[in-house]
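>>> I'd like to go over a predicted model; first the sequence, then the structure.
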Amino acid sequence: MSNNTSNAGSAASGGAIYGLGIFGAWVFFWQQADSFWEYVWAVVQGILWPAFMVYEVFKNLAS
């Protein structure tokens, strides 16, 4: 088995975990929304949740 094959499997599982994370974030943010624009923002937050998470981690590390 070549090295490329094992790397492809790792990338696929990472993508699956990222996809589950997006769906989980959508459910969480969707439940918090109360108005139309909050629902729109919930969709955006679900897609960008890793960036928000990394920002918060760096912000807490800096303080």
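Cool, got the structure. Numbering: from 1, shown residues only.

>>> Only C-alpha atoms from now on, for both contacts and neighbour counts.
OK.

>>> Mind jotting down where the helices sit in the chain?
3-32, 36-62 (DSSP state H).

>>> Just the buried positions in the shortest one, please.
By neighbour count, with 16 or more other CA atoms under 10 Å as the criterion, the buried positions of helix 36-62 are 39, 42, 43, 45, 46, 47, 49.

>>> helices or strands up against that helix?
With contacts taken as 3 or more CA pairs under 8 Å, 6 or more residues apart in numbering; DSSP states H and E, helix 36-62 sits against helix 3-32.

>>> What number of residues are in the vicinity of residue 25?
20 (other CA atoms under 10 Å).

>>> which residues does it contact?
45, 46, 49 (CA atoms under 8 Å, 6 or more residues apart in numbering).

>>> Format the helices of the chain as JSON lines; extra columns: mean pLDDT.
Output for the helices of the chain, formatted as JSON lines (pLDDT from 0 to 100):
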{"stretch": "helix 3-32", "mean pLDDT": "77"}
{"stretch": "helix 36-62", "mean pLDDT": "90"}
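
>>> Tell me how far stretch 27-44 lies from the chain's centre.
Stretch 27-44 has its average C-alpha position 15 Å from the chain's average C-alpha position, going by CA atoms, centre = their mean, to the nearest Å.

>>> Also stretch 18-34?
Its chain's average C-alpha position is 9 Å from that of stretch 18-34, according to CA atoms, centre = their mean.

>>> May I see the buried residues of it?
21, 22, 25, 26, 29, 30.

>>> of the residues you listed, closest to residue 56?
residue 25 (15.5 Å; CA to CA).

>>> okay, the contacts of residue 25 in a markdown table with distance to residue 60 next?
Shown next, in a markdown table, are these (distance: CA to CA, whole Å):
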| residue | distance to residue 60 |
| --- | --- |
| 45 | 20 |
| 46 | 21 |
| 49 | 17 |
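
>>> thinking again about what came up before, now render the buried residues of stretch 18-34 as JSON lines, adding distance to residue 53.
Below are the buried residues of stretch 18-34 laid out as JSON lines (distance: CA to CA, whole Å):
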{"residue": "21", "distance to residue 53": "12"}
{"residue": "22", "distance to residue 53": "12"}
{"residue": "25", "distance to residue 53": "11"}
{"residue": "26", "distance to residue 53": "14"}
{"residue": "29", "distance to residue 53": "14"}
{"residue": "30", "distance to residue 53": "17"}
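
>>> Please consider this matter closed, and thank you.
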